[in-house]
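Colleague: no FASTA, just this:
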């Protein structure tokens, strides 16, 4: 099996349901479930988002971060505005932070969607405690399977930090954010 | 039991999924199922609209007209525009005509919603072959019950016109609008 | 369209959930919904019987009789005994009368099942107020469709008795059973 | 938190869907999901058993054993015979081994049901790789939660054998049964 890839940082125009922006790097140490959706996508409304809400209820915050990504790639006028998303999040009582994926007017797909190579919505992503990309599923995923995969990742101990990775220099985990190590000689 | 009331004409800003405006009066002779909804109302999306689609499939067009009424009373910026509604109707594959209820900026509720005394969305309305208001239900209605009520109204023969009723003089049915009352001076 | 056939009388070994045997002829004047099932048939347990219970809730007794027919054609040892059926009806809280279809050891299928030409279970039957066979469906039937068909039959007025039909001589309707007319000269 | 108890061995009158009896001790090394059911229990048929089938599909055999326990405590005549259970397992396409819990005529409850202190059916039990009792739930359990708990137990490494426990001396795992303790004098 190939070594899992590091999940690329997401690019977000604006965050909702959170007081401050939520960098993927800042979630290091926890498993991350990210659900890419569009508010006018029937499969997202009937399946993807309710499933993410159930995951939020089953797993504790300290083990699992749940994040929505509003990846608008069609009907921009109808669903691309912050006002539309705010109304949607309110009516559907979405309890977790949601980021509006950064539009890329020239290329059609918003930037995070493109960086992750998503095929559509809903797409379910799982990122492990070390920031590595572990599951990428377009479409339906059954609850027992998703619960099992999340729990398996939760049960993994975070690996020792790898300082050869520049991202590690702003590394944060569930204990807090570490002092950047660029200036600190090791070994 | 009180005599059923004549259903008030609806007031529509713009129609979708139909080539021409759809006056309630023009549906006389058929039973009319009207579902008032908002595109960001979860109960409408998960229950009211799918049920109306099932009714469209079960009953023939000549017996039952199915109409959606987009009665926006909140989140006007997000769901009140024609562009938003067009995108929604496309994504949810709504197969029947939908009217955007005429806004009434001063009073909040759109005009048809107010004229019918609706309490919220979804609201299911049934109007008989004679244009009389026979069922008004806010919220959930089970499929077997709704199927039974529609079929009961379908089985009723349209009544003979009642010329004491001024509305009868402009009576319309599925064949078109008739000039009724040559012998009765009007105006 | 062919004239509907008269529904054959059912042949029942024993009745449950009713104080006295329930001849089909004695239900004349009401619409009859009969659901043929087997207690170990998954589609009957998950769909056919719950749907019949919903029909019992939606339509009044005076318009619709709901009857179960336990048509055991396999696993006779497990589900063919009265004790097994009693336990099943209790656990599943079946609220309507159920007849145990008369076994026919020589031919395999129980007698009512064979007389009606049923293909399996669940089978839904509808018989009109005049005792004529109007719907015969093996397998799934959606609630709105079934509700509509029942209501259509309920809305039909019972026809005037046809004394050329010998069955009419023991005719019963919701007002009671009529005096046999064999001795009454006509015309 | 209290130390988990060792799960008592089950007492089975007869096994189905397996070529040989299935001692709990022989499953040591794998997580065990056991679902206690009765074939005429609606909640077992609609929820408990389908969920166990889904668990069988999600987890590999080498990590999770799924076992049904037919714990008949009522309607013995209808559901207590092997013939009834065989017919049920066939019609409901139950793919995993099922044991008929040993009846205890004097005390009402069958013996495994009593030994585990079960309150009714369905009851879901989880036993870890070391044979310890980790979850006991009467009634409904949602899929994501159950998937997560199973995966958490699967992720645990079997503990080192505890030779103070006599049961450990006949310890078995998925590789077979080991003779453990030749060097350790006992008694």
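Modeller: Perfect, I can see it now. Nothing here was measured: the structure is a model prediction, and the numbers come from that model.
Colleague: residue ranges in chain A under the pLDDT threshold?
Modeller: The model of chain A has pLDDT under 70 over residues A:1-2, A:107, A:158-187.
Colleague: which parts of it are strands?
Modeller: A:12-16, A:31-37, A:64-70, A:98-101, A:123-127, A:133-138, A:172-173, A:176-177 (DSSP state E).
Colleague: chain D is nearest to which of the ones you listed?
Modeller: When these are compared by C-beta to the nearest C-beta, strand A:64-70 sits nearest chain D, at 9.7 Å. Yep, even glycine has a C-beta here, placed from its N, CA and C like the rest.
Colleague: returning to that earlier point: format the strands of chain A as TSV; extra columns: mean neighbour count.
Modeller: Compiled in TSV, these are given as follows (neighbours: other C-beta atoms under 10 Å in any protein chain shown):
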stretch	mean neighbour count
strand A:12-16	17
strand A:31-37	25
strand A:64-70	24
strand A:98-101	25
strand A:123-127	23
strand A:133-138	16
strand A:172-173	16
strand A:176-177	10
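Colleague: of those, which approaches residue B:74 most closely?
Modeller: For those, proximity to residue B:74 was assessed by C-beta to C-beta; strand A:12-16 is nearest, at 17.8 Å.
Colleague: tell me what angle the closest one forms with strand A:64-70.
Modeller: With axes from the mean of the first three to the mean of the last three C-alpha atoms, to 10 degrees applied, the angle from strand A:12-16 to strand A:64-70 works out at 120 degrees.
Colleague: strand A:12-16 packs against which elements?
Modeller: helix A:82-91, strand A:98-101 (3 or more C-beta pairs under 8 Å, 6 or more residues apart in numbering or on different chains; DSSP states H and E).
Colleague: is stretch A:100-110 positioned near chain B?
Modeller: No: judged by C-beta under 8 Å from any C-beta of the partner chain, stretch A:100-110 makes no contact with chain B; its nearest approach is 13.5 Å.
Colleague: residues in contact with that stretch: which ones?
Modeller: Applying C-beta atoms under 8 Å, 6 or more residues apart in numbering or on different chains, the external contacts of stretch A:100-110 come out as A:10-16, A:36, A:69-73, A:76, A:80, A:82, A:85, A:111-114, A:118.
Colleague: give me the distance from that stretch to the chain's centre.
Modeller: 17 Å (C-alpha atoms, centre = their mean, to the nearest Å).
Colleague: how about it: buried residues?
Modeller: Residues A:100-103, A:109-110 are the ones in stretch A:100-110 that count as buried (16 or more other C-beta atoms under 10 Å in any protein chain shown).
Colleague: try stretch A:48-67
Modeller: Per 16+ other C-beta under 10 Å, stretch A:48-67 contains these buried residues: A:48-56, A:58-59, A:63-67.
Colleague: ok, and which of these reach chain D?
Modeller: Checking the buried residues of stretch A:48-67 against chain D (C-beta under 8 Å from any C-beta), the matches are A:51, A:54-55, A:58-59.
Colleague: what does chain A put close to chain D?
Modeller: Residues of chain A lying near chain D (C-beta under 8 Å from any C-beta): A:51, A:54-55, A:58-59, A:142-152, A:154-156.
Colleague: contact residues of chain A facing chain B?
Modeller: Residues of chain A lying near chain B (C-beta under 8 Å from any C-beta): A:39-42, A:45-46, A:74-75, A:77-79, A:81, A:83-84, A:86-88, A:90-92.
Colleague: nearest to residue B:125, of the buried residues of stretch A:48-67?
Modeller: Distances from residue B:125 to these, taken by C-beta to C-beta, are shortest for residue A:50, at 28.8 Å.
Colleague: so how far is chain D from the closest one?
Modeller: 11 Å (C-beta to the nearest C-beta, to the nearest Å).
Colleague: residue A:28 too?
Modeller: 20 Å.
Colleague: if we can go back for a sec, so can I have CSV of the helices and strands packed on strand A:12-16 showing distance to residue A:131?
Modeller: What follows is those, written out as CSV (distance: least, C-beta to C-beta, whole Å):
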stretch, distance to residue A:131
helix A:82-91, 26
strand A:98-101, 17
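Colleague: looking at those, which is buried most?
Modeller: strand A:98-101 (a mean of 25; mean count of other C-beta atoms under 10 Å in any protein chain shown).
Colleague: and residue A:21, how far is that from chain B?
Modeller: 23 Å.
Colleague: leaving out the residues flanking it, which one is nearest to that residue?
Modeller: Nearest non-adjacent residue to residue A:21, counting by C-beta to C-beta, 6 or more residues apart in numbering or on different chains: residue A:15, 5.3 Å away.
Colleague: so who does the one you found touch?
Modeller: Residue A:15 neighbours (C-beta under 8 Å, 6+ apart): A:21-22, A:97-100.
Colleague: ok so, going back, of the residues of chain A next to chain D, select the buried ones using a ChimeraX command.
Modeller: Remark: buried members of these, expressed as a ChimeraX selection using 16+ other C-beta under 10 Å:
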select /A:51,54,55,58,59,143,144,145,146,147,148,149,150,151,152,154,155
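Colleague: near chain C too, which of the residues of chain A next to chain D?
Modeller: Okay, of these, nothing touches chain C (C-beta under 8 Å from any C-beta).
Colleague: hang on, the earlier thing: out of the contacts of residue A:15, who's nearest residue D:26?
Modeller: After measuring these against residue D:26 - C-beta to C-beta - the closest member comes out as residue A:97, at 47.8 Å.
Colleague: just want the residue of chain A that's nearest chain D.
Modeller: For chain A, C-beta to the nearest C-beta, closest residue to chain D: residue A:147, 3.1 Å.
Colleague: I figured that residue was touching residue D:147, is that so?
Modeller: Yes: at 3.1 Å, residue A:147 counts as touching residue D:147 under the criterion of C-beta atoms under 8 Å.
Colleague: now residue A:119: how far from chain B?
Modeller: If you go by C-beta to the nearest C-beta, the gap between residue A:119 and chain B works out to 17 Å.
Colleague: er, residue A:32 actually
Modeller: 26 Å.
Colleague: okay, and the beta partners of the residue sitting nearest the centre point of chain A?
Modeller: By C-alpha atoms, centre = their mean, the mean C-alpha position of chain A lies nearest to residue A:34, the distance being 3.1 Å. Counting by DSSP bridges, residue A:34 is bridged to residue A:67, residue A:125.
Colleague: ok, it - contacts?
Modeller: A:10, A:66-69, A:124-127.
Colleague: residue B:132: which of those residues is nearest?
Modeller: Taking the contacts of residue A:34 together and measuring to residue B:132 by C-beta to C-beta, the closest member is residue A:68, at 46.6 Å.
Colleague: hey, what's the residue lying closest to that closest one once chain neighbours are set aside bridged with?
Modeller: Leaving out its chain neighbours, the residue that sits closest to residue A:68 by C-beta to C-beta, 6+ apart is residue A:98, at 3.7 Å. Judged by DSSP bridges, the bridge partners of residue A:98 are residue A:16, residue A:68.
Colleague: and residue A:98, how far from residue A:53?
Modeller: 12 Å (C-beta to C-beta, to the nearest Å).
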